[in-house]
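Q: next input, structure requested:
(chains A and B)
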Amino acid sequence: MADVSLSAISKSFGATQAVRGMDLSIADGEFVVLLGPTGAGKTTTLRLIAGLEKPDSGRIAINGEDVTTLDPASRDVAFVFQQYSLYPHLSVYDNLAFPLKSPARRLTPNEIDARVREVAKLVRIDHKLQNRSTKLSGGEMQRVAIGRALVRQPSIYLMDEPLSSLDAKLRADLRLELKRIQNDIGATMLYVTHDQIEAMTMADRIGILAEGRLVQVGTPREIYETPVDIHVANRLGQPRINILPPGLLPCPSIPAGTAQIGARTEHLAISVPANGETANARIDWIEHLGDHNYLHLVCGDRKLVSLVEPSLGLNSGMAVRVELADPLFFAADGARIATNATGSTGRNA
Amino acid sequence: MVNPLARRVRGLSDRAIAWLFISPTIVLLLAINIFPLIWTIQLSFTNYRANRPNAEVENVGFRNYERLLTDEDVWIAMQTTAEFVFWTILLQTVIGFVLAWLIDRKFRGHAFWTTVILIPMMLSPAVVGNFWRFLYQPQIGLFNYIVSFFTGIEPSSFEMLGSVTLAPWAIVIVDTWMWTPYVMLICLAGLRSIPDYIYEAAEVDRASPWRQFWSITVPMCLPFIMLAVLFRGIENFKMFDMVNLLTGGGPGSITEVASITLKREAFESWRTGPSSAFAIVLFVAVFGLANIYVKALNRVKQR
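A: Purely as a prediction, here's the structure:
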C-alpha cells in the first residue's frame, strides 16, 4: 500500500476540459470517495492515476515517486471498471489468476492457487471458480472484477462506480463488504461514485467534484455539516437540502450578506402552533416510507421537504409552525457564510 | 386482429402464405441441388457414360467405389489436394491475421490500405488465373523479373508453371494472393469485436503487450480465425477453376487436385458412373470433415 498525490493535474479531450488543476493527496490506507455528477471528471481522474490517460499538465506521485509518464503496467495500481471488464474467454478462476501470472511477480503456481482461492472466498465467489465468466449474474461478475483487483497487493485500488449497475440489495451488501475488506487489508482506495449513500458510508474522506474541479475535500461529516457552497450542500442529504430566501421562516440570527438559507431536516423545527403562535406553513402531503415519512410543506410560494417521524401525528392539510434552527447561510455567490454554531471551517475545509 | 395479413390476401392462412413465399427457393433448391445429388448417387452404382446416352446401362453395385478406393491415382490426387489445402490455409491464416492486426493498429491511411488489400478478392478466379499466367511467363513475366531482381537468378532460367517442383507452389502463391484478404477481413472483424476495456484491464493487470496478444487477442479472435479456415478449407478442397487455368493439373499430374481428376474422368474419359462415385466420395469427405470441424468451432465459441 502507498500514498498517492496529485498536484495541479489538468486533462482535456478536444474542447472539453475534463479535469482542471486538481490537487488531491490520499494517505496510506485511506478510503477516499470522489462524488460528483456525470461528466464531473471522476472517471478521468481515476484513469489518470492508473496511467490509462496522460495528464496535459501536473504531476502524479505514488509513494513519493513521480509516475506521471509511466505506463499502467509500471504503476502497480488495480482498477475496477464500471462495466465488468472480465476476460470473457476465461473461467472465473483464470480471471482471478490473470494478474498474478504477470512475470513481474514471479509467483509459483501453488502461491497463485492459494491466493486465488483466498480472494474468491473473500468476495464469495469460491463456489463458481470453474464457471465461465460470461455465465455469471451481474453481481457475481462485479465480485469477480473486484476480486481480480484484490488478488494483487497494489499501491492503490481504483474503483470506478463498481456497484452502479447492481440492484439495490446487492449494492447495499457489497458496499458493506467492500468497506470491510478495505478495513481488513488496510488498502489505499480511491472510489468514484455518484451515489451519496456510498460516499457517506464508506469514505474516510469525500472529495466533491464539479466540472473537473475538486470543490471540497473532507470527512463525510465535514462535507455534510460545513459545505463550502450551495453546490456541495446540494450533493449530500436525503431529502435534498431546502434552499430558501432569508425572512421566509423565522430564524434567531441571520449573518450579514446572507442571500440564501439552506435548511435540512435537522434545521427545521416543526410544531403544531400553540396558543399565541401563528402557523406559517401548511402540510401539502405526506410520503410514507415506513420507518419515516417525507413531509411536503408549502410555505408562502415555496415548497419544503423534510423528514418526520410517523409518531408525530401530523396529517396533510394541517397548518403548522416552522422555525429555522442553526441552518446554513450562503452568500450571493453561493459560498457558505461561517457562523459560530457550525464552526468556522467553511472555506478552508 | 389474429391474422391481419392473411385476411387481406383472400383468406389464406399464415402458413399458406409462408409456403407461398418460400416455395420458389425450395423448387430451385430441389432442381439444382437435391435432384442432381440424388441422380449422381444413382449413377455412381452404374456404368453409365454420358457420351453414349443410348447404350445399355448396367447396375454394377459397389464396383465403382471398390475400384476408386484402390486406385493409386485417386489417392495421389487426394494427397495433392490435402497438401494444397494445408499450405494455402496455413499461409492465408498467418498472413491474413498479421495484416488484420496491422490494419487494426489504425495507422494513418489504414482505410485506404484495407481497400487496396481487398482488390484481389474482388476479381474473378478466371481473370486471376489468366493474369498470373502472364506474370509467371519466364521471358516477360513480372514475377520472374522480381525474383531475379532480388536474387540475381536469371529470369528465364525457371518456369513457375512448367516445373515439377515449382508448379504446386505457383498455385499456392496465386491462391494465397487472392484469398488472404478474405481471411484478413474476417480476422479484422474478430479483432474489432474485442472491446478496448479488456486491453485496459490487462494493461492495469501488468500484462505485457506480448502476453496481451497471446492471452487476449489470439484466444478472443480464435472463433473468427477458425471460421475463416472453415470457409477457405471447403473452398480449396473443391478448388478447380484456378488450377485448371494455371496448369490444368500439369506438368504431368503434379498439380492434379481431386477436382481436376474428377473432371478428366467425367468429361475426358466420359466414365460418368465411376466419376459420380468419385464425386460422392469427395462430397462425403468434405461434409464429414466440415461437420467435425464445426463441432470443434462451437466448442471454442462456448468457452
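Q: how about B:Ala202, phi and psi?
A: phi -70, psi -40 (degrees, to the nearest 10).
Q: and the gap between it and A:Pro109?
A: Going from B:Ala202 to A:Pro109 by C-beta to C-beta, to the nearest Å gives 20 Å. (Glycine included, C-beta is placed from N, CA and C.)
Q: name the residue in the two with the higher neighbour count.
A: For B:Ala202 versus A:Pro109, neighbours defined as other C-beta atoms under 10 Å in any protein chain shown are more numerous around B:Ala202 (24 against 10).
Q: nearest residue to that one other than its sequence neighbours?
A: Distances taken as C-beta to C-beta, 6 or more residues apart in numbering or on different chains place B:Gln212 nearest to B:Ala202, at 4.9 Å, with adjacent residues excluded.
Q: A:Val192 too?
A: The shortest distance from A:Val192 to any non-neighbouring residue, by C-beta to C-beta, 6+ apart, is to A:Lys42 (4.1 Å).
Q: SS state for A:Gly262?
A: In the three-state summary, A:Gly262 is assigned as strand, counting by DSSP: H, G, I helix; E, B strand; the rest coil.
Q: report how many residues lie close to A:Ile62.
A: Applying other C-beta under 10 Å, we find 22 residues neighbouring A:Ile62.
Q: before we move on, what SS does the spatially most central residue of chain B have?
A: In chain B, the centroid-proximal residue (C-alpha atoms, centre = their mean) is B:Glu235; its distance is 1.7 Å. Judged by three-state DSSP, the three-state class of B:Glu235 is helix.
Q: quick one: classify the nearest residue to it once chain neighbours are set aside as helix, strand or coil.
A: Closest residue to B:Glu235 apart from its sequence neighbours, by C-beta to C-beta, 6+ apart: B:Trp179 at 7.6 Å. At B:Trp179 the chain is in helix, as set by three-state DSSP.
Q: hmm, B:Trp179 is touching B:Leu123, no?
A: No. Shown here, B:Trp179 and B:Leu123 do not form a contact pair, counting by C-beta atoms under 8 Å, at 11.0 Å.
Q: those two: which is more packed in?
A: Neighbour totals were compared for B:Trp179 and B:Leu123, and B:Trp179 leads with 25 against 12 (other C-beta under 10 Å).
Q: for the helix or strand A:Ala114 falls within, packing partners?
A: Following DSSP states H and E, the helix or strand that holds A:Ala114 is helix A:109-122. Using 3 or more C-beta pairs under 8 Å, 6 or more residues apart in numbering or on different chains; DSSP states H and E, the elements in contact with helix A:109-122 are helix A:92-97, helix A:138-150.
Q: for chain B, find the nearest of these.
A: Proximity to chain B (C-beta to the nearest C-beta) singles out helix A:138-150 among these, at 7.3 Å.
Q: and the closest one, average pLDDT?
A: Helix A:138-150 comes out with an average pLDDT of 87.
Q: phi and psi next, for A:Leu136.
A: Note on A:Leu136: backbone dihedrals following degrees, to the nearest 10 are phi -110, psi 160.
Q: and for it, the neighbour number?
A: Per other C-beta under 10 Å, the neighbour tally for A:Leu136 reads 18.
Q: and the pLDDT for A:Ala279?
A: A:Ala279 carries a pLDDT score of 83 in this model.
Q: and residue 52, backbone torsions?
A: Chain wasn't specified; assuming chain A. phi -70, psi -20.
Q: wait, chain B
A: Here is the backbone geometry of B:Arg52 (degrees, to the nearest 10): phi -130, psi 70.
Q: any idea how far A:Arg235 is from A:Gly262?
A: 12 Å.
Q: common neighbours of the two, please.
A: Here A:Arg235 and A:Gly262 have no joint contacts, going by C-beta atoms under 8 Å, 6 or more residues apart in numbering or on different chains.
Q: more neighbours: these two, which one.
A: A:Arg235 (24 against 21).
Q: now render the helices and strands packed on helix A:109-122 as JSON lines, adding distance to B:Gly252 and mean neighbour count.
A: Below are those laid out as JSON lines (distance: least, C-beta to C-beta, whole Å; neighbours: other C-beta atoms under 10 Å in any protein chain shown):
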{"stretch": "helix A:92-97", "distance to B:Gly252": "53", "mean neighbour count": "24"}
{"stretch": "helix A:138-150", "distance to B:Gly252": "61", "mean neighbour count": "24"}
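Q: any low-confidence regions in chain A?
A: Along chain A, segments meeting pLDDT under 70 span A:1, A:340-349.
Q: and the residue nearest the centre of it?
A: Within chain A, and using C-alpha atoms, centre = their mean, the residue nearest to the centre is A:Ala199, at 2.8 Å.
Q: and the nearest residue to A:Ile230 once chain neighbours are set aside, what does it touch?
A: Of all residues beyond its chain neighbours, the one nearest A:Ile230 is A:Gly334 (4.5 Å), with distances taken as C-beta to C-beta, 6+ apart. By C-beta under 8 Å, 6+ apart, A:Gly334 lies in contact with A:Asp229, A:Ile230, A:His231.
Q: phi, psi of whichever residue of the stretch 101-250 of chain A sits closest to chain B?
A: Of all residues in the stretch 101-250 of chain A, A:Ser102 sits closest to chain B, at 4.2 Å by C-beta to the nearest C-beta. As for A:Ser102, its main-chain torsions (degrees, to the nearest 10) stand at phi -60, psi 130.
Q: just checking, it touches B:Trp210?
A: No. Between A:Ser102 and B:Trp210 there is no contact under C-beta under 8 Å: 11.6 Å.
Q: in terms of packing, which of those two has more residues around it?
A: Applying other C-beta under 10 Å to A:Ser102 and B:Trp210 shows that A:Ser102 carries more neighbours, namely 17 against 9.
Q: and the gap between that one and B:Thr272?
A: According to C-beta to C-beta, A:Ser102 and B:Thr272 sit 65 Å apart.
Q: and A:Pro246, by the same measure?
A: 105 Å.
Q: who has more neighbours out of the two?
A: B:Thr272 (23 against 16).
Q: before we move on, back to that, burial measure for the residue nearest to B:Ala202, as a count.
A: 17.
Q: that one - that's part of a helix, no?
A: Yes. Counting by three-state DSSP, B:Gln212 is found in a helix.
Q: residues making contact with stretch B:256-275?
A: Here stretch B:256-275 makes contact (C-beta under 8 Å, 6+ apart) with B:43-52, B:60, B:64, B:67-68, B:73-74, B:76-78, B:80-81, B:84, B:237-240, B:243-244, B:248-250, B:253, B:276, B:278-279, B:282.
Q: write the ChimeraX selection for whichever of these are buried.
A: Applying 16 or more other C-beta atoms under 10 Å in any protein chain shown to the contacts of stretch B:256-275, the buried members can be selected in ChimeraX as follows:
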select /B:43,44,45,46,47,48,60,64,68,74,77,78,80,81,84,237,239,243,244,249,250,276,278,279,282
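Q: the stretch 51-200 of chain A: strands as residue ranges?
A: For the stretch 51-200 of chain A, the strands defined by DSSP state E, counting those that start in this stretch occupy A:57-62, A:65-66, A:77-80, A:156-160, A:189-193.
Q: how about the third one, does it reach chain B?
A: Read it as strand A:77-80. Yes. Residues of strand A:77-80 contacting chain B under C-beta under 8 Å from any C-beta of the partner chain: A:Val77, A:Ala78, A:Phe79.
Q: quick one: contacts for the first one?
A: Right, A:Val77. A:Ile49, A:Ala50, A:Gly51, A:Ile62, A:Pro154, A:Ser155, A:Ile156, A:Tyr157, A:Leu158, B:Val204.
Q: with A:Ile112 instead?
A: A:Ala97, A:Leu100, A:Lys101.
Q: point out the residues in the stretch 51-200 of chain A that sit beside chain B.
A: Within the stretch 51-200 of chain A, the residues that sit near chain B (C-beta under 8 Å from any C-beta) are A:51-52, A:71-73, A:76-79, A:81, A:83, A:85, A:87-89, A:98-99, A:102-105, A:132, A:148, A:152.
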